[in-house]
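# Quick one: sequence and predicted model below, then my questions.
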Amino acid sequence: MDPAEPKKRANRKLVRALLIMTAGSFAFGWALVPLYDVLCRAAGIGNAEAKAGKSAVQEAVDPNREVTIEFIAAPASVGSFDFRPAVASMRVHPGKLYDAEFFAKNLTNQASVAQAVPSISPTGTSKYFHKTECFCFSPQKFAAGEGRQLPVRFIVDPQLPSDVDKLTLAYTIYDATQSATHP
C-alpha cells in the first residue's frame, strides 16, 4: 500500500465536501431573492414592483369613497435638513393614482445625502398603500444649502377595509452622507 494513499483519500473527501458546500451556497443565494420578496409581501413592507421599475396597475377607481391621506415629515434628531410636506392632507378616491410632494433642504454648508424612511398608519394598512414612485426608494443627493421638491406617487387599494377612512404617510429623513461615502 502506498504511504500517500490515506492523504489522497483525505484530500478527495475534502474536495468533495467543498464542492457540496459551494453548490449549497449557490443554491441558497439563488433562493434568497424570492424568499425575501415573499417575506416583504407577507409583512406588507416595501414596494417590489416599483423598485423593479414596473408600474403599478391602476385599479378600478371607487368614486363613491374618499379616504383622507395625512402627510407627516420629520428630520431625524440630527437636524441637518428642513423637511416638510407640501400639503398637510388630501382626500383621495381608492384606485386612482395621486401625486404628492415633500420639500427638503440641506441646512449644512457641504454636500449631503439624505435617505427618507416611510411608515404608514394605522398598523396593518401599508399593504393597501402602493407607492409607484417615491424619493424614499433611493438616497437623495443635495448640494450645500440646496432645497427641492421630492415627489411621491401613490394609489390607495380599493380593498382597503371600509372602516378605515384615514391613512397617515409619515417620513423620517436621515443624513446618510457618512454611509453613502463610506460603505
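Right, received. Where do you want to start?
# May I ask which helix or strand of the chain has the lowest mean pLDDT?
helix 48-51 (a mean of 50; mean pLDDT, DSSP states H and E).
# Could you pull out the buried residues of the helix or strand that it is followed by?
Per DSSP states H and E, helix 48-51 leads on to strand 67-75 as the next helix or strand towards the C-terminus. Judged by neighbour count (16 or more other CB atoms under 10 Å), strand 67-75 contains these buried residues: 67, 69, 71-73, 75. All C-beta atoms are positioned from the backbone trio N, CA, C, and that covers glycine.
# quick one, longest helix in this structure?
helix 5-43 (DSSP state H).
# Mind giving me the packing neighbours of it?
Packing partners of helix 5-43 (3 or more CB pairs under 8 Å, 6 or more residues apart in numbering; DSSP states H and E): helix 48-51.
# in what helix or strand does residue 2 lie?
Assigned by DSSP H and E, residue 2 falls outside every helix and strand.
# Tell me how far it lies from residue 120.
70 Å (CB to CB, to the nearest Å).
# again, but for residue 105
Counting by CB to CB - residue 105 and residue 120 are separated by 25 Å.
# Of the two, give the one with the bigger neighbour count.
With neighbours defined as other CB atoms under 10 Å, residue 105 and residue 120 compare such that residue 120 has more, 20 against 15.
# Next up, the contacts around the more buried one.
By CB atoms under 8 Å, 6 or more residues apart in numbering, residue 120 lies in contact with 126, 129, 167-170.
# One more pass at 10 Å, please.
44-45, 69, 126-129, 131, 154, 167-170 (CB atoms under 10 Å, 6 or more residues apart in numbering).
# give me the number of residues near the residue nearest to it when sequence neighbours are not counted?
Leaving aside its sequence neighbours, residue 120 sits nearest to residue 126 (CB to CB, 6 or more residues apart in numbering; 4.1 Å). Neighbourhood size, residue 126 [other CB under 10 Å]: 20.
# Quick check: phi and psi on residue 126?
When quoted as degrees, to the nearest 10, the phi and psi of residue 126 stand at phi -60, psi -30.
# thought it was touching residue 167?
Yes - if you go by CB atoms under 10 Å, residue 126 and residue 167 touch, sitting 9.1 Å apart.
# Where does residue 127 sit: helix, strand or coil?
helix (DSSP: H, G, I helix; E, B strand; the rest coil).
# Surely it touches residue 159?
Yes - applying CB under 10 Å, one finds residue 127 in contact with residue 159, separated by 8.9 Å.
# quick one: residue 39 from residue 32, how far?
For residue 39 relative to residue 32 (CB to CB), the value is 10 Å.
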